[in-house]
Each structure stands twice: as structure tokens, then as C-alpha cells.
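> Pasting a predicted model and its sequence here:
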Amino acid sequence: MIRPFLSAAFLLVAGCADGSEAQLAKVVDGAKAFTRIEQQLAFGPRVPGTPGHAAMASWLDSLARAGADSVVVQRWWHVTARGDSIPMVNVIARFNPAATDRILYLAHWDTRPRTDGPGVRDTSGLVPGANDAGSGVAVLLGVMDALQKQRPTIGVDLLFVDGEDYGHFGSPPGPDVLIGSRYYARNPVTTDKPRFAVLFDMVGDKNLRIPIEGYSQIAAPGVVDLVWGTAQQMGYGHIFVRSTEQQITDDHVPLIDAGIRAIDVIDFTYPPWHTKDDTIDKVSAESLGAVGNVAVGVIRRAERQKP
């Protein structure tokens, strides 16, 4: 049995950039985030063009409209390298949509259409996607709950991005991966470039360890310092490890290419990655609550800092 993450009871003191002290609350309910992964898995694989994908898109749209100040849905057809047309949906939940000072959080919500993780011989299966990408979605929904209860004083966009995992990754990556983030980078919902962006991907592992991703340290070291510093102050330094490791091709890369200071919060040491074993028993409420609380803490610190 998963022990619920008790979130609302704790307050701790964290230093602000100006040297003053302010309280950061642990407000994200990890148990609720865990339930939201279960709800995603109930749709089945969320592969573009499948019933599970369509049902998940509707679910996200409904939750966003119930929780955010406004919602933008981007729908388009992507033509693959093979010539197939597949439906794509980005959902953007917006808080303070008129604000020019903004930050952007994102997570992909689609799942891999084949089991091709390390050591997998049979690639014909489908990936359940509990951690990849159910965990990132669950964390963003937890952030949305927190912002609904205490509205941010700056603009915040929560981007649920489609098509990250459809095609083949390579160097350079093929045209059928990072589809939604590439689309958003070309078609942002606002002309006001965000102060920074943070991607959350594979953040629910029971044995969670999040080092600093290589491209993130190069593109946005100040944002890395803000996020890892917040984690340290909130008691999550054992999860957010101050070690710069491999460079990951992920949804933050198109944003970096578009001139946005973007980083990737990811635990890439996850053996069930892109396999049929990426199931609910591999994730924990504690991990989801920890990452969600850091995400909200970063927003609260950003509110107090000048852009």
C-alpha cells in the first residue's frame, strides 16, 4: 500500500534572492497525483490516433477549464516521415493570462507506440506510461490545484504537450518526436516570452534521483540554481542532486532553440523506460509530492524576484 504524502501541514523557511526570508508551503498532495496517474492509465495507451489518446485529451481539457483562468487548445495534424497524418493536441492552462511577466511549465502526455527500451527484443507492445509520461502530467495537475487555491501574482502557463514520444530519437532527432513542443515553439500562445521554462518528465519513480541535465546547465544555469536551490531549502536535496550528467533530447530543446531559458527536470535512470513494465507500481506518491512541491515553491520564489 502506498502511504499518502501528507502535504499541507508543513511550512519551512526559505531564503529569497534579496536575502529576506519567506515561507514555502508544501501544498501538493502526492496521493492525489498518484490517483491521477491511475486515471491516465485507465484510458489505455495514449498514442496519437487511438481512442485512449482522444479520451485523455478531453480529460485534460476538462480539468484545465475547471482549474485555470483560461485555456488554449492547439489542434493540428502532423504528417509523419512515412506520410501518415496523426492528430495532435496541446492543452495550455493559463493563470493571469494578461500578465507580461510569465513562467512556463510543461510535460508531455502521449505514450510511446512501441516497446523499444534497452534490452527489449519484442517492440510490438505498447507502453502503459505510468512514469513516462503520466508522472509529469500528474505533477502539473498538482501545480494547477495549488495555483487555483492561491492564485499567482505573475503569469503561469501549464503546457500539456503532445507527440514527444511518437517517432525515433537520433542525432539529430527525427521529425516525429518532440512534435508538440516544436509546434508550440513556433506558435506560442503569447508574444510575451516566458522568464523561464521548466519541463517535468519521468519524475514519479519510487527511487527518484534527479541530477542536473546537461543541456539545462548550458542553456539556463540560473534556472537550474533556482530549482535545485528551492529543492534543497524544502528538504528535497536528496532527490534533486547537484551533479550535472548526460544531455537529454527532450521537450525543453525546441524551447531553448527558440531563445527561451528552459531546463529539464528528469530522472533518466529508470529501467522500465519505453517498456511494458512502466506501470503504476513503479511510481510513488512521495516522489510526485516532492517534485510538485518544488514546482510550486519555484513559482512562489519567482513571484518575489524581479525578472
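Cool, got the structure. Residues are numbered from 1 along each chain as shown.
> What's the per-residue pLDDT of residue 173 here?
Looking at residue 173, its pLDDT reads 87.
> low-confidence ranges in this structure?
Scanning the chain with the threshold set as pLDDT under 70 gives 1-22.
> mind listing the strands for it?
Ranges of strands within the chain are 11-15, 21-25, 70-79, 85-95, 102-108, 155-161, 197-201, 210-212, 240-244, 262-266, based on DSSP state E.
> TSV for the ones you listed, including distance to residue 128 and mean neighbour count?
All C-beta spots, glycine's among them, are computed from the backbone N, C-alpha and C. Shown next, in TSV, are those (distance: least, C-beta to C-beta, whole Å; neighbours: other C-beta atoms under 10 Å):
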stretch	distance to residue 128	mean neighbour count
strand 11-15	35	12
strand 21-25	33	14
strand 70-79	23	15
strand 85-95	20	22
strand 102-108	15	25
strand 155-161	18	26
strand 197-201	16	27
strand 210-212	22	22
strand 240-244	26	15
strand 262-266	19	27
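> I'd like to know which of the ones you listed is closest to residue 255.
Among those, the nearest to residue 255 by C-beta to C-beta is strand 262-266 (3.9 Å).
> list the helices and strands that closest one packs on?
strand 197-201, helix 214-219, helix 221-233, helix 252-257 (3 or more C-beta pairs under 8 Å, 6 or more residues apart in numbering; DSSP states H and E).
> now for the strands of the chain, which one comes closest to residue 288?
When the strands of the chain are compared for distance to residue 288 using C-beta to C-beta, the nearest one is strand 197-201, at 10.1 Å.
> Just the angle for that closest one relative to helix 221-233, thanks.
60 degrees (axes from the mean of the first three to the mean of the last three C-alpha atoms, to 10 degrees).
> Name every strand pairing with strand 197-201 and say which way it goes.
Strand 197-201 sits in its sheet next to strand 102-108 (parallel), strand 262-266 (parallel), going by DSSP bridges.
> isn't residue 41 right up against residue 131?
No - if you go by C-beta atoms under 8 Å, residue 41 and residue 131 don't touch, sitting 10.9 Å apart.
> Show me which of those two is the more surrounded one.
Legend: neighbour count by other C-beta atoms under 10 Å for residue 41 and residue 131, higher for residue 131 (29 against 19).
> Can you give me the distance of that one to residue 111?
Using C-beta to C-beta, to the nearest Å, one gets 11 Å for the distance from residue 131 to residue 111.
> that older thread, looking at the strands of the chain, which is closest to residue 124?
strand 85-95 (18.7 Å).
> Against which helices or strands is that closest one packed?
Using 3+ C-beta pairs under 8 Å, 6+ apart: strand 85-95 touches helix 51-67, strand 70-79, helix 134-149, strand 155-161, helix 179-186.
> one step back: in CSV, list the strands of the chain along with distance to residue 149.
CSV is the format used below for the strands of the chain (distance: least, C-beta to C-beta, whole Å):
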stretch, distance to residue 149
strand 11-15, 15
strand 21-25, 10
strand 70-79, 18
strand 85-95, 12
strand 102-108, 17
strand 155-161, 13
strand 197-201, 20
strand 210-212, 26
strand 240-244, 24
strand 262-266, 23
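> rewinding a little: nearest approach to residue 306 belongs to which of the strands paired with strand 197-201?
Using C-beta to C-beta, the nearest of the strands paired with strand 197-201 to residue 306 is strand 102-108, at 13.4 Å.
> ok, back up a step: let's have the helices and strands packed on strand 85-95 in CSV, adding distance to residue 101.
Formatted as CSV, the helices and strands packed on strand 85-95 follow (distance: least, C-beta to C-beta, whole Å):
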stretch, distance to residue 101
helix 51-67, 21
strand 70-79, 17
helix 134-149, 15
strand 155-161, 6
helix 179-186, 19
